[in-house]
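Undergrad: build the 3D model from these lines:
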Amino acid sequence: MTDEIRFFGGPLDGRVQELGDAEPVPGTVIRHIHLHGGPKIETRYELGLTENGWEYRVAATQHEPEPDGLR
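TA: Just a heads-up that it's a prediction; the model follows:
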């Protein structure tokens, strides 16, 4: 096992994060918020342990609707 967590999918695909002092918990979900000229895009990543080590995989992506309700 390594002391890193790899990201798969979404805007963080390919990134590597060092494990902190706390013990990782499978099923933990983190959010990544992407702000740009359009609507806010929220990507959720779920932590899991595989034979290759710890991985965050895309769980869901949410788009915040425009104020008039259109996307």
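
Undergrad: please count neighbours and contacts with C-alpha atoms only from this point.
TA: Noted.

Undergrad: so residue 14 sits in a helix?
TA: No: secondary structure of residue 14 (DSSP: H, G, I helix; E, B strand; the rest coil): coil, not part of a helix.

Undergrad: which residues touch it?
TA: Residues in contact with residue 14, defined by Cα atoms under 8 Å, 6 or more residues apart in numbering, are 6-8.

Undergrad: nearest to residue 49 among those?
TA: residue 6 (10.5 Å; Cα to Cα).

Undergrad: thought that closest one was touching residue 15?
TA: Yes: under the criterion of Cα atoms under 8 Å, residue 6 makes contact with residue 15 at 6.0 Å.

Undergrad: in terms of neighbours, single out the busier of the two.
TA: residue 6 (18 against 12; other Cα atoms under 10 Å).

Undergrad: any idea how far the more buried one lies from residue 40?
TA: Noted for residue 6: a distance of 24 Å to residue 40, by Cα to Cα, to the nearest Å.

Undergrad: helices of the protein, start to end?
TA: For the chain, applying DSSP state H gives no helices.
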